[in-house]
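Q: Here is the input, now give the coordinates:
(one chain, ligands or ions: 1)
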Amino acid sequence: MKILLNNRSLIESLRPFNDLGFVPTMGGIHEGHLSLINKSNKLCKKTIVSIFVNPKQFNNKKDLISYPRNIKKDLQILKKCKKVDFVYLPKFKDIYKDTKKSKIKLLKKDKILCARFRKGHFEGVLDVMNRLTKIVCPKKIFMGEKDFQQLYLVKKLLERKYKTKIISCKTIRDKSNIALSSRNILLNKFNLKVAANVYKKLLNIKKNIKNKKNISNFLNLKKKELNDNYSIKIDYLELRNISNLKISNTMKNSKLFIAYHLNNVRLIDNL
Ligand code: AMP
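A: So this is what the prediction gives:
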């Protein structure tokens, strides 16, 4: 596993390879990331993982400061899994050397779900993914369904602009079904119990949606119940079509999307 600390060493090391699988991350490596790496390892000749906490996608300074970082541990895990050929650890200037201001803007119809609550977040994500793709030139990029809206927007932008294909990967959960996330380390035992209960409730809500005439009213009611019973603050609880992310009135081709705050940590999930 070769560690690439700047763009020069990246370009030199990657030159011989054109069947490259890319797993972009912000570190805090967990089994979710490893599942992306496994898939890349199966589908591509070489796998490159990047670790870069992109300040431009944080709409909240406190969130950026408290974002878990542990490069030493991350590198140990990545080495141990024996499926990573390169780890790219760029500095801010490696990514943003090209100082041209990003022209990426979200369409009005995409300003939904997390985009409504995190102003500028996806513009930052799309900008960094655009820059990383230009630098790494991967054949395939592996991304998790846990961040479904991110996957949806990145796929829409990058597959139009580059030859790269975006490969979506299933959400990996812990034994109590909480979606793995680097942010989970910021939760205490009690919070983890609440998150596990919220998941159970969501499953139940999903099961009951089928019989409801007015789904949006039903979800508003459930949102209030969850807020009150678990002392969480839900940003949204919505049923949306997975092909276009429009509000859906049927379970067909749809998922339930949630974002909520628990102990000042913002969690998202979809099922
Ligand atoms: P992050 O480091 O949180 O920016 O995530 C890097 C990549 O890993 C993104 O494509 C995420 O969607 C994906 N990812 C994060 N958590 C999970 C998970 N629990 N299951 C599958 N993929 C995940």
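Q: so what's the residue in the stretch 101-250 of the chain that the ligand sits nearest to bridging to?
A: Shortest the stretch 101-250 of the chain-to-the ligand distance, computed as C-beta to the nearest ligand atom: residue-wise this is residue 144, at 2.2 Å. Just so you know, the C-beta spots here come from the backbone N, C-alpha and C atoms, and that holds for glycine as well. Applying DSSP bridges to residue 144 gives these bridge partners: residue 169.
Q: Let me see the confidence value for it.
A: Residue 144 is assigned a pLDDT of 98 by the prediction.
Q: where in the stretch 151-271 of the chain is pLDDT low?
A: Applying pLDDT under 70 to the stretch 151-271 of the chain picks out no residues at all.
Q: quick one, helices of it?
A: 189-209, 215-230 (DSSP state H, counting those that start in this stretch).
Q: same question, the stretch 1-150 of the chain
A: Under DSSP H, counting those that start in this stretch, the stretch 1-150 of the chain gives helices at 7-14, 31-43, 61-66, 71-81, 92-96, 113-117, 121-136, 148-161.
Q: Run the chain-centre distance for the first one.
A: Per C-alpha atoms, centre = their mean, to the nearest Å, the displacement of helix 7-14 from the mean C-alpha position of its chain is 26 Å.
Q: One more: the last one?
A: Offset of helix 148-161 from its chain centre (C-alpha atoms, centre = their mean): 12 Å.
Q: ok, residues contacting that helix?
A: 104, 106, 110, 112-115, 122, 125-126, 129-130, 133, 141, 143-145, 164-166, 168, 242, 245, 255, 257, 270 (C-beta atoms under 8 Å, 6 or more residues apart in numbering).
Q: buried sites along that helix?
A: 148-155, 157-158 (16 or more other C-beta atoms under 10 Å).
Q: Any chance of TSV for those residues, columns distance to the ligand?
A: TSV is the format used below for these (distance: C-beta to the nearest ligand atom, whole Å):
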residue	distance to the ligand
148	8
149	10
150	6
151	7
152	11
153	12
154	8
155	11
157	14
158	13
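Q: Spatially central residue for the chain, please.
A: What sits nearest the mean C-alpha location of the chain, by C-alpha atoms, centre = their mean, is residue 147, with 3.6 Å.
Q: Pull the contacting residues for the residue nearest to it when sequence neighbours are not counted.
A: Once flanking residues are discounted, residue 147 sits nearest to residue 268: 7.0 Å by C-beta to C-beta, 6 or more residues apart in numbering. By C-beta under 8 Å, 6+ apart, the contact set of residue 268 is 114, 146-147, 179, 257-259.
Q: out of those residues, what pair is the most spread apart?
A: Maximum pairwise distance among those (C-beta to C-beta): 14.3 Å, between 114 and 179.
Q: picking up where we left off before, now tabulate the helices of the stretch 151-271 of the chain in JSON lines and tack on distance to the ligand and mean neighbour count.
A: Listed next are those as JSON lines, based on distance: least, C-beta to the nearest ligand atom, whole Å; neighbours: other C-beta atoms under 10 Å:
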{"stretch": "helix 189-209", "distance to the ligand": "12", "mean neighbour count": "16"}
{"stretch": "helix 215-230", "distance to the ligand": "21", "mean neighbour count": "15"}
